[in-house]
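*Asks:* Quick one, structure for this:
(one chain, ligands or ions: 3)
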Amino acid sequence: MTTSNRHYHIITFGCQMNKADSERMAGILEDMGFKWSEDPNDADLILYNTCTIRDNAEHKVYSYLGRQAKRKQAEPGLTLIVAGCVAQQEGEALLRRVPELDLVMGPQHANRLQDLLTSVLNGNQVVATESVHIMEDITQPRRDSSVTAWVNIIYGCNERCTYCVVPNVRGVEQSRTPEAIRAEMEELGRQGYKEITLLGQNIDAYGRDLPGTTPEGRNLHNFTDLLYYVHDIPGIERLRFATSHPRYFTERLIKACAELPKVCEHFHIPFQSGDNELLKAMSRGYTHEKYRRIIDTIRRYMPDASISGDAIVGFPGETEAQFENTLKLVEDIGFDLLNTAAYSPRPGTPAALWTNQLSEEVKSDRLQRLNHLVNVKASERSQRYMGRIEDVLVEDQNSKDPTQVMGRTGGNRLTFFTGEINQLKGQIVKVKITEVRAFSLTGEPVEVRQAVPV
Ligand code: SAH
Ligand code: SF4
Ligand code: F3S
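*Replies:* Numbers count the residues shown, from 1 in each chain. Ligands and ions are numbered 1, 2, ... in the order given. As a prediction, this is how the structure comes out:
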């Protein structure tokens, strides 16, 4: 069957890993001759790249899927694919639930989309969820942005946080080699990208599965060494990374971030709870004192660094006093941004089986109280930008006001200012901040740097 007149549409749920996987899968489809269709109803192939981190994330997928499954009954030529974490978790059960599906593929199979699809186009219904060694991808991803890009450095996760499905669905840690990472980044630099975010579920685990040790027995490959190895790539002006784990976070990494000019002063370090007993029940492997020490050390080296994190409320057995320890940590640290969530029991995780689950009312009440505090603290943190001149890397037009462009400060604050996107896209502009809100800023450009010819 020819694919040259066929159109595809991808709907992505979940985290940055999924977004990066979707861009690679889009690249594979375009390589096969598929063209992007903005409207899913005009597409001959629809791929859902799914997330199962919480119950509501999973349900969203089923409601989307239902609509297209109905469409397929009238248009049997439509190809329906479920990729990502729900696919991995449910496997064949998904086919029983939605028999219209053509392909169910776990996240480790993203780079194999062409082979899997060829089998589908030959008339097979395919399930690919066995754990595999992730092959280096040779196709070009179709990236959403032409300014900022994601580069995976480690897939999977070997931690066993008791609430989390990620290790079940993403498999064991697999680090890419420093050479493969650097080559992808150099290519991005040549293509004109300005900012790269290095990705891993637990980025501090980078390299521990790679062979090679120093004469002192230290693993040759770790994340800090990788930063030194890739920090000087021509064209790339900013480097970011996520996600850090407090259990493995080192002062050496903090020093590297302070020392390397392209590395942004922004740290995303989830803490999950401010209570030591809960941290233990979550199997996180650190105390709130250790977390505070990490933030203190970051601020000693980089007093203006932005700090963000993730937190869960309503973990099984969480008492009011334990929840208040989380509030206290948030109060004391003053996060620039915090992703918060009510605990959601997930299939195949230990905590889901515990009998000390909290009611939805308690969880949602705590979530509201935490969110209120997060807003207050983020507003306070934003005040420091007032009147300052910030370097803003322009990414796009402001979708709500086409006379404005949007970009980010080094500390990752979303910033808007008046300007013409065609002229400014991909430039770092000095912007004087004139308005501050909890999670975004507005300013006026003070100087536009001329694009440097390459
Ligand atoms: N690897 C990262 C985060 C992965 S998942 C880390 O170690 O922190 C992203 C966030 O989702 C987590 O940080 C956690 O706050 C949240 N999360 C994970 N499982 C959850 C669950 N069962 N219920 C509610 N939130 C959850
Ligand atoms: Fe999940 Fe913990 Fe791994 Fe993060 S470190 S992905 S929370 S198991
Ligand atoms: Fe969701 Fe999978 Fe990411 S479960 S958060 S898309 S790793």
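
*Asks:* Can you pull out the low-pLDDT segments for the stretch 101-250 of the chain?
*Replies:* 213-220 (pLDDT under 70).

*Asks:* And the strands in it, which stretches?
*Replies:* Using DSSP state E, counting those that start in this stretch, the strands found in the stretch 101-250 of the chain span residues 103-105, 126-128, 148-152, 154-155, 174-175, 195-199, 238-242.

*Asks:* Kindly reformat these as JSON lines containing distance to I254 and mean neighbour count.
*Replies:* (Glycine included, C-beta is placed from N, CA and C.) Below are these laid out as JSON lines (distance: least, CB to CB, whole Å; neighbours: other CB atoms under 10 Å):
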{"stretch": "strand 103-105", "distance to I254": "38", "mean neighbour count": "25"}
{"stretch": "strand 126-128", "distance to I254": "40", "mean neighbour count": "20"}
{"stretch": "strand 148-152", "distance to I254": "22", "mean neighbour count": "22"}
{"stretch": "strand 154-155", "distance to I254": "20", "mean neighbour count": "24"}
{"stretch": "strand 174-175", "distance to I254": "21", "mean neighbour count": "20"}
{"stretch": "strand 195-199", "distance to I254": "16", "mean neighbour count": "22"}
{"stretch": "strand 238-242", "distance to I254": "13", "mean neighbour count": "21"}
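
*Asks:* Dump these into TSV; add distance to ligand 3 as well.
*Replies:* Listed next are the strands of the stretch 101-250 of the chain as TSV, based on distance: least, CB to the nearest ligand atom, whole Å:
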stretch	distance to ligand 3
strand 103-105	13
strand 126-128	16
strand 148-152	12
strand 154-155	10
strand 174-175	14
strand 195-199	10
strand 238-242	12
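
*Asks:* buried residues in stretch 240-257?
*Replies:* Going by neighbour count (16 or more other CB atoms under 10 Å), the buried part of stretch 240-257 is 240-246, 248-249, 253-254, 256-257.

*Asks:* Take the strands of the stretch 101-250 of the chain and write them to a markdown table, including distance to S283.
*Replies:* Formatted as a markdown table, the strands of the stretch 101-250 of the chain follow (distance: least, CB to CB, whole Å):
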| stretch | distance to S283 |
| --- | --- |
| strand 103-105 | 29 |
| strand 126-128 | 30 |
| strand 148-152 | 25 |
| strand 154-155 | 20 |
| strand 174-175 | 22 |
| strand 195-199 | 23 |
| strand 238-242 | 21 |
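
*Asks:* distance of the residue in the stretch 1-150 of the chain that ligand 2 sits nearest to from ligand 3?
*Replies:* Residue of the stretch 1-150 of the chain nearest ligand 2, by CB to the nearest ligand atom: I53 (8.5 Å). Distance, I53 to ligand 3, using CB to the nearest ligand atom, to the nearest Å: 4 Å.
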